[in-house]
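Peer 1: Following is a predicted model, sequence given first.
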Amino acid sequence: MRRTQTVSGSRALRATILQPLSEADEIRRRQDVLEALLENPAGAAAIRQLLGKLTDVEGLVGMWSWRPKQEEPDEA
């Protein structure tokens, strides 16, 4: 999990390990995607580079939801 490109990727990998797929069609789709990435290292590298530029949206949403509410000024 420490070799993922993003924090959200680390969370996704953890979820995948803790809750593996059970449907054969879903497993085959995932295998097909992995096969395509392994057969095209340049494409995989480009995807990895793009993912590295993404903001951790899930983390930002989590931080935002835990922020204490600020009191609004009284309007007179």
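Peer 2: All right, it came through fine.
Peer 1: helix or strand for Gly59, which one?
Peer 2: Using DSSP states H and E, Gly59 sits in helix 57-66.
Peer 1: quick one: contacts for Leu38?
Peer 2: For Leu38, the contacting residues are Ala44, by CB atoms under 8 Å, 6 or more residues apart in numbering. C-beta here means a position set from N, CA and C on the backbone, and glycine is covered the same way.
Peer 1: I'd like the distance between it and Thr55.
Peer 2: 28 Å (CB to CB, to the nearest Å).
Peer 1: quick one: the helices in this structure?
Peer 2: 7-18, 24-39, 41-52, 57-66 (DSSP state H).
Peer 1: Ala50 and Arg29: what is the separation?
Peer 2: Not quite, residue 50 is Leu, not Ala. To Arg29, Leu50 is 21 Å away according to CB to CB.
Peer 1: in the chain, which helix or strand is least confident?
Peer 2: In the chain, no helix or strand scores lower on mean pLDDT, DSSP states H and E than helix 57-66, which sits at a mean of 70.
Peer 1: re the thing from before, most packed of the helices of the chain?
Peer 2: Mean neighbour count (mean count of other CB atoms under 10 Å) peaks for helix 7-18 among these, with a mean of 13.
Peer 1: So which other helices or strands are in contact with that helix?
Peer 2: On a contact count with 3 or more CB pairs under 8 Å, 6 or more residues apart in numbering; DSSP states H and E, helix 7-18 meets helix 57-66.
Peer 1: Not counting its neighbours along the chain, what's nearest Val57?
Peer 2: Excluding the flanking residues, the one nearest Val57 by CB to CB, 6 or more residues apart in numbering is Ser8, at 7.2 Å.
Peer 1: Equivalent analysis for Arg30, please.
Peer 2: Leu21 (6.5 Å).
Peer 1: what about that neighbour, how many residues close to it?
Peer 2: For Leu21, the neighbour count with other CB atoms under 10 Å is 13.
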